[in-house]
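[1] this is the structure alone, sequence omitted:
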Ligand SMILES: NC(=O)c1ccc[n+]([C@@H]2O[C@H](COP(=O)([O-])OP(=O)(O)OC[C@H]3O[C@@H](n4cnc5c(N)ncnc54)[C@H](OP(=O)(O)O)[C@@H]3O)[C@@H](O)[C@H]2O)c1
C-alpha cells in the first residue's frame, strides 16, 4: 500500500473536493483523506451536495474497520465545522475518535466556525494542525468562499469568450459563437459554480440571453439560477418581464441594479440601488450589497463596458478567458477592454496564479487579480 506524504495527502484531498464543484455552493467544496497510523491511504471523501454530509463524514463512512482509526491522520482542505448548520458539527464527532492528527488546509472564515473547529479538536487533546505546505492550490480551491467571508463582499469572476486578438463581439453586435462547443458547455458549469450571473443592460438589449445553466450534469437548476443586471437609469427595470431572463425565473432570482436616484416598486424583480462613483455605479458598494443579499460570487458575462468597469474600479477577482484560435480584427470588432485606458505601462494590471488548459479547440486562461487571496 502506498504511503502518502502530507503534500500528497493534501493534493488528494483537493482533487476530492473538486468533485463537489457546482453542487455544494454556497458551501465551499471540501475534500478529505484518511491515512492509517503508518500513513497508508485508507479512505477519501468529499462534500457532494449542499445540505448533505461533509467531506470528513463521507471519508469516515468508508472506513469499515474502525480499529484503523487508532493513531490515524486526517487531511481536510478546510477546518472542520463547529456549528449546527444543515448537518451536526463535524469537529465534535472527530473529537470522539482516536486520531493521531487532523491537518486542515485553511481556517474556515465563516464567523460561525472561524477557529472554533480546531479549538474543539485541541480541547479534546487531539493534534489539530494547520497545513504548512504550499497553499496555492488550497487558495484557489476556496477562492470564492474565503474571499467573500473575509471581505464581506461578493467574489467576482470575469468570464470572456474572445478571439485570439481579444475581440468579444463584432461592432454589428454579432457574437454567437466565437468559442467552441466544449468551451460553451464549460461556461455553463461555471454558471453552476457561481451564486449569480451578472451582465450589463447592453448585453440584455442586444442578445436577450437566458443566462441559465444548461448542462447535463446540473439539471437541478431548471432555469432558477440568480441573475444580476446593471441598469443605471432603470431603463429596463419596468419591463424586465419582457426579457428572456424572466422566463422560468421567479422574482427572487432576478436582481436589477440602478443608481440610487431611481425609485421603483417593481413586482417582477428585486431592485438594488447603489451610489455613483463618478460617471459609473460604485461596484465595490454593489459587491457588498450582493453579499448581504446572500450572493457569495458572481460570474460576469457582460460586454466591454461592464467588464472594463470591474477592472477600472479594481473590483474583479478572477478571470476566465476562453480564447478561440480565430481573428476578428480590432477595426470591426469589440475588444473586451475597449472601455479601459491604462496610461502608463507601469500601471498595467498584472494577474497571478495563472493556469492554461486546452478546451476543445480553445485555450482557457484562468488567472487571479491582486487581492483575490488574503
Ligand atoms: N463574447 C463574450 O464573452 C460576450 C459577453 C457578453 C456580451 N458580449 C457582447 O457585448 C456586446 C454588448 O456590449 P455592452 O458593453 O453594451 O454590454 P454590457 O457591458 O453588458 O452593458 C453595458 C451597459 O451596462 C451598464 N453598465 C454596466 N456597468 C456599469 C457601471 N459600472 N456603471 C453604470 N452602468 C453600467 C450601462 O448601461 P447604460 O447604457 O444604461 O448606462 C452600459 O451601457 C454585445 O454585442 C454582446 O453580444 C460578448
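    Right, received. Where do you want to start? None of the values given here were measured: they were computed from a predicted structure.

[2] go through stretch 91-100 and flag the buried ones.
    Applying a neighbour-count criterion of 16 or more other Cβ atoms under 10 Å, one finds 91-95, 97, 99-100 buried in stretch 91-100. Bear in mind the C-beta positions are built from the backbone N, C-alpha and C, glycine included.

[3] ditto for stretch 73-90
    Neighbour-count burial for stretch 73-90 [16+ other Cβ under 10 Å]: 73-83, 89-90.

[4] got the contact list for residue 350?
    Contacts for residue 350 (Cβ atoms under 8 Å, 6 or more residues apart in numbering) come out as residue 370.

[5] now the one 10 residues further on
    For residue 360, the set of contacting residues under the criterion of Cβ under 8 Å, 6+ apart consists of 180-183.

[6] thinking again about what came up before, could you dump the buried residues of stretch 91-100 to CSV with secondary structure, distance to the ligand and pLDDT?
    As requested, the buried residues of stretch 91-100 are exported to CSV (DSSP: H, G, I helix; E, B strand; the rest coil; distance: Cβ to the nearest ligand atom, whole Å; pLDDT from 0 to 100):
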residue, secondary structure, distance to the ligand, pLDDT
91, helix, 42, 86
92, helix, 45, 87
93, helix, 45, 89
94, helix, 44, 89
95, helix, 48, 89
97, coil, 49, 92
99, coil, 47, 95
100, coil, 50, 94
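
[7] what is the most widely separated pair among these?
    Farthest pair in these (Cβ to Cβ) is 92 and 100. Separation: 18.9 Å.

[8] secondary structure class for residue 33?
    Put simply, residue 33 is strand when judged by DSSP: H, G, I helix; E, B strand; the rest coil.

[9] residue 235 belongs to a strand, doesn't it?
    No: using three-state DSSP, the assignment for residue 235 is coil, not a strand.

[10] what separates the residue of the stretch 51-200 of the chain found nearest the ligand from residue 151, distance-wise?
    In the stretch 51-200 of the chain, the residue that lies nearest the ligand is residue 200 (2.2 Å; Cβ to the nearest ligand atom). Residue 200 sits 23 Å away from residue 151, going by Cβ to Cβ, to the nearest Å.

[11] have a look at the two and say which one is more surrounded.
    Between residue 200 and residue 151, counting by other Cβ atoms under 10 Å, residue 200 is the more crowded of the two (22 against 17).

[12] ok, and the closest non-adjacent residue to that one?
    residue 306 (3.7 Å; Cβ to Cβ, 6 or more residues apart in numbering).

[13] strands of the stretch 1-150 of the chain, start to end?
    31-35, 41-46, 73-78, 101-106, 128-130 (DSSP state E, counting those that start in this stretch).

[14] residue 374: which of the ones you listed is closest?
    Closest among these, once you apply Cβ to Cβ, is strand 101-106, at 9.8 Å.

[15] what are the buried residues along stretch 248-266?
    So for stretch 248-266, counting by 16+ other Cβ under 10 Å, buried means 249, 253-259, 262, 266.

[16] tell me the spacing between the closest residue to residue 17 other than its chain neighbours and residue 88.
    Nearest non-adjacent residue to residue 17, counting by Cβ to Cβ, 6+ apart: residue 31, 3.2 Å away. Taking Cβ to Cβ as the measure, residue 31 falls 20 Å from residue 88.

[17] and the host helix or strand of residue 206, what does it pack onto?
    In this assignment (DSSP states H and E), residue 206 forms part of helix 201-207. Under the contact criterion of 3 or more Cβ pairs under 8 Å, 6 or more residues apart in numbering; DSSP states H and E, helix 201-207 touches strand 226-230, helix 304-312.

[18] near the ligand, which residues of the chain? Just list them.
    160-161, 168-169, 173, 175, 178, 199-203, 206-207, 230-233, 235, 280-281, 283, 301-306, 309, 334 (Cβ under 6 Å from any ligand atom).

[19] let's see 5 Å
    Residues of the chain lying near the ligand by Cβ under 5 Å from any ligand atom: 160-161, 168-169, 173, 175, 199-203, 206-207, 230, 232, 280-281, 302-306, 309.

[20] can you lay out the buried residues of stretch 248-266 as TSV showing pLDDT and secondary structure?
    Output for these, formatted as TSV (pLDDT from 0 to 100; DSSP: H, G, I helix; E, B strand; the rest coil):
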residue	pLDDT	secondary structure
249	92	coil
253	96	helix
254	97	strand
255	97	strand
256	97	strand
257	97	strand
258	97	strand
259	96	strand
262	93	coil
266	85	coil
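
[21] of all these, which two lie farthest apart?
    Among these, 249 and 259 lie farthest apart (Cβ to Cβ), at 23.7 Å.

[22] and the pLDDT for residue 340?
    We have a pLDDT of 94 for residue 340.

[23] surely it is within a strand?
    No: counting by three-state DSSP, residue 340 is not found in a strand; it is coil.

[24] isn't it up against residue 308?
    Yes: judged on Cβ atoms under 8 Å, residue 340 makes contact with residue 308 at a distance of 4.1 Å.

[25] more neighbours, the two?
    Remark: of residue 340 and residue 308, residue 308 carries more neighbours, 19 against 16, as counted by other Cβ under 10 Å.

[26] pLDDT score for that one?
    Reported pLDDT for residue 308: 95.

[27] so residue 314: helix, strand or coil?
    coil.

[28] from the ligand, how far off is it?
    For residue 314, the distance to the ligand (Cβ to the nearest ligand atom, to the nearest Å) stands at 12 Å.

[29] please identify the deepest-packed of the helices and strands packed on helix 201-207.
    strand 226-230 (a mean of 25; mean count of other Cβ atoms under 10 Å).
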